[in-house]
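Trainee: generate a structure from the sequence data that follows.
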Amino acid sequence: MTTRFTPGPWRVHSEYGSIGSVTNADGSVVVAQAQQVEPRSQETRLANTHLIAAAPELLEALEALDNYVSNNLTTEYPTGIDINASPFEVARAAIAKARGTA
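Mentor: Below you'll find the model as predicted:
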């Protein structure tokens, strides 16, 4: 698969003056911003930002689970994922990141 987005991991970053900034791992590229189009609480914007930041891990976790199920419970992991972790652990970690609890 050809990657057409900024490679992960992404992280929540507030240096750019917005609680809703998401950058690549080293903070050098702003990937996305959860801007306030209508009145929203900072809590909602932060939750949206965590969800955006988790997008690469969520995609990788779903791909790993799909591969795991499709290949009779064997899997190949994308780069950067602990090969000793089950795809379910990978999915749980991505979910925690999306929820802002990782």
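
Trainee: next, count neighbours for residue 102.
Mentor: Neighbour count for residue 102, taken as other Cβ atoms under 10 Å: 14. No exception for glycine: its C-beta is placed from N, CA and C like everyone else's.

Trainee: what's the closest non-adjacent residue to it?
Mentor: residue 96 (3.9 Å; Cβ to Cβ, 6 or more residues apart in numbering).

Trainee: show residues contacting the helix or strand containing the one you found.
Mentor: Assessed by DSSP states H and E, residue 96 sits inside helix 87-99. Residues outside helix 87-99 that contact it (Cβ atoms under 8 Å, 6 or more residues apart in numbering): 47, 50-51, 53-54, 57-58, 60-62, 64-65, 67-68, 75, 77, 81-82, 85, 102.

Trainee: repeat the analysis, applying 7 Å as the threshold.
Mentor: Identification of contacts with helix 87-99 by Cβ atoms under 7 Å, 6 or more residues apart in numbering yields 50-51, 53-54, 57-58, 61, 64-65, 68, 75, 81, 102.

Trainee: now, of these, which are buried?
Mentor: Buried subset of these (neighbour count, 16 or more other Cβ atoms under 10 Å): 50, 51, 53, 54, 57, 58, 61, 64, 65, 68, 75, 81.
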